[in-house]
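S.K.: Coordinates only, no sequence provided:
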C-alpha cells in the first residue's frame, strides 16, 4: 500500500454526495468496488440483518481518478 494514500484526505459518502450534488446511494454505487477505497465494516449480513453494514472512506486520489474517468470529453 502506498503510504501517501493512507495520509491523504479521505471523504465520506455524504461529503462526496454534497460536493458532486448526487445522492449518497449514487455515490456508494459509484465507489463501492473502486480500488483504493477504504471499506470499514462487515459486507455480509449477520444475525438476520438484510444487509451488511459498511462505511466507505474515499481517498482524494481515488475521487479524482473516478472524476476523470466519468467526465465525457
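M.R.: Perfect, I can see it now. Quick caveat: nothing in here was measured; it's all calculated off a predicted structure.

S.K.: can you confirm residue 15 is in a helix?
M.R.: Yes: counting by DSSP: H, G, I helix; E, B strand; the rest coil, residue 15 is part of a helix.

S.K.: Residue numbering should commence at 453 henceforth.
M.R.: Happy to do that; since the first residue is 453 now, the last one works out to residue 467.

S.K.: Run a quick neighbour tally on it.
M.R.: 16 (other CB atoms under 10 Å). From N, CA and C alone the C-beta is placed, and that goes for glycine too.

S.K.: Same question for residue 517.
M.R.: For residue 517, using other CB under 10 Å, the count is 14.

S.K.: That one: which element?
M.R.: Per DSSP states H and E: residue 517 is located in helix 512-522.

S.K.: residue contacts, the closest residue to residue 466 other than its chain neighbours?
M.R.: Spatially, and ignoring its direct neighbours in sequence, residue 466 is nearest to residue 476 (5.8 Å; CB to CB, 6 or more residues apart in numbering). Residue 476 makes contacts with 465, 466, 469, as judged by CB atoms under 8 Å, 6 or more residues apart in numbering.

S.K.: For residue 476, what are phi and psi?
M.R.: Per-residue torsions, residue 476: phi -60, psi -40 (degrees, to the nearest 10).

S.K.: list the contacts for residue 507?
M.R.: Each residue near residue 507 by CB under 8 Å, 6+ apart is listed here: 464, 491, 492, 493.

S.K.: for residue 509, which residues make a bridge with it?
M.R.: Here residue 509 sits in beta bridges with residue 464, residue 490, as judged by DSSP bridges.
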